[in-house]
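[1] The amino acid sequence is not available; the structure is as follows:
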């Protein structure tokens, strides 16, 4: 298959898009073209992958990014068997494009990969004025229903099924566990891997590091929202923690080796109540004890598998105390690490899902090809008009009743 993968929101090194999905497709021998905001994120496409640079959609004005993506789909979309979209903003590129493809009879299968609860996420965007949030949420729900009628959907979480009328395949945010047993958890450093924002606990993370003091390193890898960058930069400068900024997935995960704990300090937000934090699965897969706030899926994983500790929301003192507890109790620390890795290998390992993901796209392409052949065959089998006999056809019979 030929697959065009498009994002204007996510980092080009996004683990779900690049490392899992594109990696799985290429392992199956499919040709992938990857369109993403490479220049805006100051990265280059990988040498062995065809990349197309797009503007980044950020803040209130996303018109340039959406316009560039629309132009790309018009120019290159018809070359693909599958167009895989990763942002809700990209739904705005489709109305005219889909009509042209359908008129030509040769359009690709269009798939929207639903990463999050978009309507709930809007409530967390500080750049969206509060009076606009309710009507925008209604607009998002309407767009989701429209997308369901015209596109194929993939969901990142089982809970997202409730937003749609039909059942759609779920491609969860699992991770690839290291083949070899990872280094046992030590007592020298703790790690946070992932995007940084207020709602994701960035300021709580800084305060937790202050509570721990200089005896324990706090390593932080991830891009940050503008409103927390200054605080993170200051904390890094003052030696409170080490903020590496964004790192490619493989380099970020290398920080987990020998870590005392992996942190997930999400706040109680609607967008997080139905999501399994990828970072928690990554910590488990790499044999690192987890410390998480009680978002439902994360807490359920940690408590069911015994792979860490759950702390209250927005409570840096409790997070620091949990870290100290793991540091002081070697049996607890090593048991949590072992149980987490076993659970990740058994229940949350991406290679077990990669084949399902690629098979799903392959099946949709075959179905679309079969539908197209049937449609073309129906056109060729339409009855021809009878040849003219030289006599005019009779007009309509007059209806009884008065005339005039």
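    It's in. None of these values were measured; they are calculated from a predicted model.
[2] and the gap between the residue nearest to the spatial centre of the chain and residue 211?
    When Cα atoms, centre = their mean is applied to the chain, the residue found nearest the centroid is residue 115 (3.5 Å). For residue 115, the distance to residue 211 (Cβ to Cβ, to the nearest Å) stands at 33 Å. Just so you know, the C-beta spots here come from the backbone N, C-alpha and C atoms, and that holds for glycine as well.
[3] Contact partners for the residue nearest to the centre of the chain?
    10, 16, 86, 156 (Cβ atoms under 8 Å, 6 or more residues apart in numbering).
[4] Could you rerun that using 7 Å?
    When contacts are counted by Cβ atoms under 7 Å, 6 or more residues apart in numbering, residue 115 touches 86, 156.
[5] ditto for residue 289
    Contacts of residue 289 were listed using Cβ under 7 Å, 6+ apart, and they are 185, 261, 307-308, 326, 333, 336-337, 340.
[6] got a pLDDT number for it?
    pLDDT recorded at residue 289 is 98.
[7] Identify the residue spatially nearest to it, adjacent ones excluded.
    residue 336 (3.9 Å; Cβ to Cβ, 6 or more residues apart in numbering).
[8] and what of residue 31?
    residue 2 (5.0 Å).
[9] for residue 101, same thing?
    Residue 101's closest residue in space is residue 107 (Cβ to Cβ, 6+ apart), at 2.6 Å.
[10] what's the answer for residue 358, then?
    Using Cβ to Cβ, 6+ apart and skipping the chain neighbours, the partner closest in space to residue 358 is residue 28 (4.9 Å).
[11] ok, back up a step: and the residue nearest to residue 101, that's in a strand?
    No: looking at residue 107 with DSSP: H, G, I helix; E, B strand; the rest coil, it is coil, so not inside a strand.
[12] What number of residues are in the vicinity of it?
    By other Cβ atoms under 10 Å, the residues close to residue 107 number 19.
[13] if I read this right, it contacts residue 99, doesn't it?
    No: counting by Cβ atoms under 7 Å, residue 107 stays clear of residue 99, with 9.5 Å between them.
[14] quick one, phi/psi of the nearest residue to residue 40 once chain neighbours are set aside?
    Counting by Cβ to Cβ, 6+ apart, residue 56 is the residue found nearest to residue 40 once chain neighbours are left out, at 3.6 Å. The phi and psi values for residue 56, taken as degrees, to the nearest 10, are phi -90, psi 140.
[15] Give me the distance between residue 56 and residue 95.
    On the measure of Cβ to Cβ, residue 56 and residue 95 end up 23 Å apart.
[16] Mind checking which of these two has more residues around it?
    Neighbours per residue (other Cβ under 10 Å) separate residue 56 from residue 95, with residue 56 holding more: 20 against 11.
[17] which stretches of the chain form helices?
    Assigned by DSSP state H, the chain shows helices spanning 23-27, 63-76, 94-104, 118-122, 133-150, 202-212, 226-237, 249-254, 278-285, 296-305, 316-328, 330-347, 350-380.
[18] List the residue ranges of the stretch 151-300 of the chain that fall below the pLDDT cut-off.
    For the stretch 151-300 of the chain, no stretch is flagged by pLDDT under 70.
[19] what does the model give the residue nearest to the centre of the chain for pLDDT?
    Residue 115 carries a pLDDT score of 92 in this model.
[20] Equivalent analysis for the one 5 residues further on, please.
    Reported pLDDT at residue 120 in the predicted model: 66.
[21] need the contact list for the residue nearest to residue 40.
    8, 37, 40-41, 65.
[22] same thing with residue 333?
    With contact set as Cβ under 7 Å, 6+ apart, residue 333 has these partners: 185, 260, 289, 326.
[23] That one and residue 191, how far apart?
    With Cβ to Cβ as the criterion, residue 333 and residue 191 are 14 Å apart.
[24] on that earlier part again, isn't the residue nearest to residue 31 up against residue 78?
    No: assessed by Cβ under 7 Å, residue 2 is found out of contact with residue 78, at 10.5 Å.
[25] any idea how far residue 168 is from the closest residue in space to residue 228 that isn't next to it in sequence?
    Leaving out its chain neighbours, the residue that sits closest to residue 228 by Cβ to Cβ, 6+ apart is residue 202, at 4.3 Å. For residue 202, the distance to residue 168 equals 32 Å [Cβ to Cβ].
[26] do residue 335 as well
    Applying Cβ to Cβ, the value for residue 335 to residue 168 is 38 Å.
[27] ok, the two, which is more surrounded?
    Comparing residue 335 with residue 168 by other Cβ under 10 Å, the one with more neighbours is residue 168, at 18 against 14.
[28] what's the neighbour count on the nearest residue to that one once chain neighbours are set aside?
    Excluding the flanking residues, the one nearest residue 168 by Cβ to Cβ, 6+ apart is residue 153, at 4.3 Å. Using other Cβ under 10 Å, residue 153 has 19 neighbouring residues.
[29] Over to the one 5 residues further on?
    Burial measure for residue 158: 12 neighbouring residues, criterion other Cβ under 10 Å.
[30] and it, what does it touch?
    residue 170 are the contacts of residue 158 under Cβ under 7 Å, 6+ apart.
[31] now do 10 Å
    Counting by Cβ atoms under 10 Å, 6 or more residues apart in numbering, residue 158 makes contact with 170, 172, 274, 276, 297.
[32] Residue 31 now?
    Listed by Cβ under 10 Å, 6+ apart, the contact set of residue 31 reads 1-4, 25, 49-50, 80-81.
[33] Check residue 330 and give its pLDDT.
    On the pLDDT scale, residue 330 gets 97.
[34] what's around it, how many residues?
    12.
[35] Against residue 146, how distant is it?
    Taken as Cβ to Cβ, the span from residue 330 to residue 146 is 55 Å.
[36] same thing with residue 111?
    Distance of residue 111 to residue 146, computed by Cβ to Cβ: 15 Å.
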